[in-house]
Structure formats: C-alpha cells, structure tokens
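Visitor: When you get a sec, could you give me coordinates for this:
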Amino acid sequence: MDEFLLTDADMVIDKNRNISHLLCPRCRRFMTSCMQWNCGHVLCGSCCTETYVRIVLSKKMIDYFPEGINECKQSHPDIGHNNCAIPSEIKSLKVKCTAANLGCNFINTFEIFCKDHEEQCVYLRNVRGL
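Guide: Next up, the predicted model:
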C-alpha cells in the first residue's frame, strides 16, 4: 500500500524550488538529520551510520556510497560533523501530506507535518493498518 504514498520530493508544493541538496543521495529521503564526512559528502543520519558500519567492517568504501560518490578518493573516511543548515531548511518547506493521492488535504510546513499531522492522519493510519 505504500506505493500510493508520495515520496519526500513529491511532497514539496513549490515544484520550481531546487531541493536536490536536501535529499540524501543514498536513500533519497529528506536529510532531517545529517552528517558530513571529512571527505565532504553528506548523508542522512541513518545512511551515515549504516555506511560507516559497513566501511569499518569491510575496510573499504566500494558499493556503500551512492552513484557519483563511489569515486571518493578516501579509502576509509571518518564522519566529520553535523550539518545543521539542511534540517532547518527542510523544516520550513511547505509540503502536502504523503497521503495526498489518497485524499488528504493537509498543507503546511514539513516540521508541522512530522510533529503533528503524520501520526494523526486518517489516510496514513489506514495505509499503515493502524
């Protein structure tokens, strides 16, 4: 049933706004928490943790970064620092509900969507069987 839900990119109301830098290059979800590697690449918190664990276990980066990042010259990068500007920009995006295709008329900021709407949306609850 999740195939009827909008992706993070499709939630954004302003289709002329460039949001590619707000999406994790690995999972394509909004980087509501993100970390920048010392090599300069930025991933969402979940992908960063998973990627770091895989790199440490395998001692190499091959296949763990998304396309375009595989060419990273560092064979074993370290996680650098939290990049706080991206989550702030995401919070202020005007979005519609991921269940808009199912009839939900919610439009507000992404922060309000996550904080108030997502758990209470009747359409999302039906999709998730709650």
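Visitor: Now do the strands for this protein: every range, in order, please.
Guide: In the chain, the strands defined using DSSP state E lie at 34-37, 42-44, 79-82, 94-96, 107-109.
Visitor: Output the ones you listed in CSV; the columns should cover mean neighbour count, mean pLDDT and distance to N16.
Guide: To be clear about C-beta, it is placed using only N, CA and C from the backbone, and glycine gets the same treatment. Formatted as CSV, those follow (neighbours: other CB atoms under 10 Å; pLDDT from 0 to 100; distance: least, CB to CB, whole Å):
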stretch, mean neighbour count, mean pLDDT, distance to N16
strand 34-37, 20, 79, 24
strand 42-44, 22, 84, 23
strand 79-82, 13, 63, 29
strand 94-96, 19, 93, 12
strand 107-109, 15, 93, 17
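Visitor: Looking at the ones you listed, which is nearest to V127?
Guide: Proximity to V127, assessed across the strands of the chain by CB to CB, is greatest for strand 94-96 (15.2 Å).
Visitor: Which residues does that closest one contact?
Guide: In this structure, residues lying in contact with strand 94-96 by CB atoms under 8 Å, 6 or more residues apart in numbering are 6, 11-14, 104, 106-110, 113.
Visitor: for those, which one is nearest A85?
Guide: Closest approach to A85 among those (CB to CB): F110, at 14.9 Å.
Visitor: Contact partners for the closest one?
Guide: By CB under 8 Å, 6+ apart, F110 lies in contact with 11, 30, 90-93, 95.
Visitor: which one of the strands of the chain lies closest to Q120?
Guide: Among the strands of the chain, strand 107-109 comes nearest to Q120, with 12.5 Å by CB to CB.
Visitor: Note down every partner strand of that closest one and its orientation.
Guide: For strand 107-109, the paired strands and their directions (DSSP bridges) read strand 94-96 (antiparallel).
Visitor: Give me the distance from the partner strand to the chain's centre.
Guide: Remark: strand 94-96 is offset 15 Å from the chain centroid, using CA atoms, centre = their mean, to the nearest Å.
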